[in-house]
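In: here are the coordinates; sequence isn't available:
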């Protein structure tokens, strides 16, 4: 998922670093064990969503934020619910980077 922005890269990075915490709060009943680690403009994250391990990266570039998440194959059974979480992440990223 790619989210475009017009912010200075440092400001976009500050805003994106709060994104996962916001999503965890909104989906507290579905997400647990959230971990994130940042090195420069790239962050790695992992959490459990509805019993499945989810991991990925967030990369804050000059004009875009690239969110790349990895889901286990078995999570396909819950595709609708997971798409709702993905949609919320995209919406929240759009708001933060507006």
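Out: Sure, I can see it. Note that this is a predicted model, so its numbers are computed, not measured. Residues are numbered from 1 along each chain as shown.
In: Of all the helix elements in the protein, which one is longest?
Out: For the chain, the helix with the greatest residue count under DSSP state H is helix 79-96.
In: what helices or strands is that helix leaning on?
Out: strand 2-4, helix 9-16, helix 19-26, strand 64-70 (3 or more CB pairs under 8 Å, 6 or more residues apart in numbering; DSSP states H and E). Glycine gets a C-beta too; all of them are placed from N, C-alpha and C.
In: now with 10 Å?
Out: Judged by 3 or more CB pairs under 10 Å, 6 or more residues apart in numbering; DSSP states H and E, helix 79-96 is in contact with strand 2-4, helix 9-16, helix 19-26, strand 42-49, strand 52-60, strand 64-70.
In: Using JSON lines, lay out the ones you listed together with mean neighbour count, distance to residue 89 and mean pLDDT.
Out: Formatted as JSON lines, the helices and strands packed on helix 79-96 follow (neighbours: other CB atoms under 10 Å; distance: least, CB to CB, whole Å; pLDDT from 0 to 100):
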{"stretch": "strand 2-4", "mean neighbour count": "15", "distance to residue 89": "9", "mean pLDDT": "90"}
{"stretch": "helix 9-16", "mean neighbour count": "17", "distance to residue 89": "11", "mean pLDDT": "92"}
{"stretch": "helix 19-26", "mean neighbour count": "16", "distance to residue 89": "6", "mean pLDDT": "80"}
{"stretch": "strand 42-49", "mean neighbour count": "17", "distance to residue 89": "11", "mean pLDDT": "89"}
{"stretch": "strand 52-60", "mean neighbour count": "18", "distance to residue 89": "10", "mean pLDDT": "88"}
{"stretch": "strand 64-70", "mean neighbour count": "16", "distance to residue 89": "7", "mean pLDDT": "88"}
